[in-house]
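>>> Structural data only, the sequence is not supplied:
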């Protein structure tokens, strides 16, 4: 969970986190609860969420692309037919996924 990462990033002594949202609790190496400063956690959580949102296209693409063996088969056929260009099934299959899930703004 992103909130757990935000807690660890802002509280270096925290090694484990339980709970969700503002019900989270952080614990140190001795299993002692660490007092959490939400004024530090909330902006870090927002920063991490923005990064995750901007990279969501990667996971969407990964799930939508044809399996690698199918891609290799399409590539082989494109080469074999002398159509290793933008008209091949290989190119159009990948281009369709890329168009459906454009890169997010990673800055």
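Arrived safely. Predicted, not measured: the structure shown is a model, and the values here were computed from it.
>>> so the residue nearest to residue 84 when sequence neighbours are not counted, which of the three states?
Spatial nearest neighbour of residue 84, excluding adjacent residues (Cβ to Cβ, 6 or more residues apart in numbering): residue 78 at 4.8 Å. Quick note: C-beta positions are derived from backbone N, CA and C, even for glycine. Classification of residue 78 using DSSP: H, G, I helix; E, B strand; the rest coil returns helix.
>>> Check which helices and strands the one helix or strand residue 26 maps to sits against.
Using DSSP states H and E, residue 26 sits within strand 25-27. Contact here means 3 or more Cβ pairs under 8 Å, 6 or more residues apart in numbering; DSSP states H and E; on that basis strand 25-27 packs against strand 16-18, strand 33-34.
>>> What lies in contact with that strand?
7-8, 11, 14-19, 33-34, 36 (Cβ atoms under 8 Å, 6 or more residues apart in numbering).
>>> Kindly recompute the last result at 6 Å.
7, 11, 14, 16-19, 33-34, 36 (Cβ atoms under 6 Å, 6 or more residues apart in numbering).
>>> Buried subset of these, written for PyMOL?
Here is the PyMOL selection string for the buried members of the contacts of strand 25-27, based on 16 or more other Cβ atoms under 10 Å:
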select buried, resi 7+11+14+17+34+36
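>>> before we move on, the earlier item: I'd like to know which of the helices and strands packed on strand 25-27 is closest to residue 67.
strand 16-18 (35.7 Å; Cβ to Cβ).
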